[in-house]
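Enquirer: Provided below are the primary sequence and the corresponding predicted coordinates.
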Amino acid sequence: MDRRQFFKFGISGLRDAASKKAPDAIKPKLGMTPLDVTILTSRAREAEHLAEEMLREHFGEVMLRLRQSELPGVFPGGVLLFEGNRRRNFHDGISLFHAALRQLENDLELPSLQQHPTLVRFVNQTPPFSRSVEVFHRDRLLLALPLSENGVFEFPGTRGPMSLVIKEGRFSVAASTCKYGTCVAHPDIQTPGQRITCVPNEMSAVIGAILG
């Protein structure tokens, strides 16, 4: 069995074993944690294939692929994992899911610089409808902004101030103190489930937030 088969089938056995041992009252709660995996890569098709092959079993019954976005320019690639609205560091994790994410990152040769990369996102729950954007710093909610009101907002990022904009029902990052400006290059967001993340400034903005 190669490593991809291990990631695909190993988790199934663990889940089945846990389900058999769990009391009936808690069985429906297994695997309900909201998951959000974002992959920034110039090899989008390969990323989709690897995700289907290595990650699907970890998502439970549903693995939804959200609309992709291309970022024109050169940016460091990478993989981001959110559980609810908390960003998780999978590099030190011991679970099979974390190991699969590390292997996927390695196979795609991330986080090396990527030419005109694509954002490939997968979630395991349909985001709830919302007309506001919630902005987090270090997993702590700092702003909840209605998309119906235009405005420019200053945000205290870890490495310096960021400029956030709402215009005609769309949210974007106009300026940031991060090195590559990946968050600034990200297309505007307006529909539930869409997210913009600035890793250096530890900021994440999501529409239709799933609270975890």
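Expert: Received, thanks.

Enquirer: least trustworthy helix or strand in this protein by mean pLDDT?
Expert: Between all helices and strands in the chain, the lowest mean by mean pLDDT, DSSP states H and E belongs to helix 3-21, at a mean of 50.

Enquirer: and the next element down the chain from that helix?
Expert: Counting by DSSP states H and E, the next helix or strand C-terminal to helix 3-21 is strand 35-41.

Enquirer: so where do the strands sit in the protein?
Expert: Secondary structure of the chain (DSSP state E): strands at 35-41, 64-70, 74-76, 78-83, 86-88, 113-115, 118-123, 132-137, 140-146, 151-157, 160-167, 170-175, 195-198, 203-207.

Enquirer: let's have those strands in CSV, adding mean neighbour count, distance to residue 103 and mean pLDDT.
Expert: The C-beta positions use only the backbone N, C-alpha and C, and glycine is treated the same way. Shown next, in CSV, are the strands of the chain (neighbours: other Cβ atoms under 10 Å; distance: least, Cβ to Cβ, whole Å; pLDDT from 0 to 100):
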stretch, mean neighbour count, distance to residue 103, mean pLDDT
strand 35-41, 24, 13, 97
strand 64-70, 14, 20, 92
strand 74-76, 16, 19, 97
strand 78-83, 18, 10, 96
strand 86-88, 17, 16, 94
strand 113-115, 14, 18, 97
strand 118-123, 22, 16, 96
strand 132-137, 20, 28, 95
strand 140-146, 13, 31, 94
strand 151-157, 13, 31, 96
strand 160-167, 17, 33, 97
strand 170-175, 19, 31, 98
strand 195-198, 24, 22, 96
strand 203-207, 24, 24, 95
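
Enquirer: which non-adjacent residue is nearest residue 46?
Expert: residue 108 (6.7 Å; Cβ to Cβ, 6 or more residues apart in numbering).

Enquirer: for that neighbour, which residues are in contact?
Expert: Contacts for residue 108 (Cβ atoms under 8 Å, 6 or more residues apart in numbering) come out as 39, 41, 43, 46, 47, 50, 77.

Enquirer: just the buried residues of these.
Expert: The neighbour count (16 or more other Cβ atoms under 10 Å) marks 39, 41, 43, 47, 50, 77 as buried among the contacts of residue 108.

Enquirer: can you redo these as a markdown table with distance to residue 99?
Expert: A markdown table is the format used below for the buried ones among the contacts of residue 108 (distance: Cβ to Cβ, whole Å):
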| residue | distance to residue 99 |
| --- | --- |
| 39 | 16 |
| 41 | 19 |
| 43 | 21 |
| 47 | 17 |
| 50 | 14 |
| 77 | 19 |
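
Enquirer: for those, which one is nearest residue 143?
Expert: residue 39 (26.5 Å; Cβ to Cβ).

Enquirer: mind listing the residues bridging to the closest one?
Expert: Listed by DSSP bridges, the beta-bridge partners for residue 39 are residue 79, residue 120.

Enquirer: now do residue 88
Expert: Judged by DSSP bridges, the bridge partners of residue 88 are residue 81.

Enquirer: quick check: it vs residue 164, distance?
Expert: Distance, residue 88 to residue 164, by Cβ to Cβ, to the nearest Å: 24 Å.

Enquirer: rewinding a little: looking at the strands of the chain, which is closest to residue 56?
Expert: Comparison of the strands of the chain against residue 56 by Cβ to Cβ identifies strand 118-123 as nearest, at 8.7 Å.
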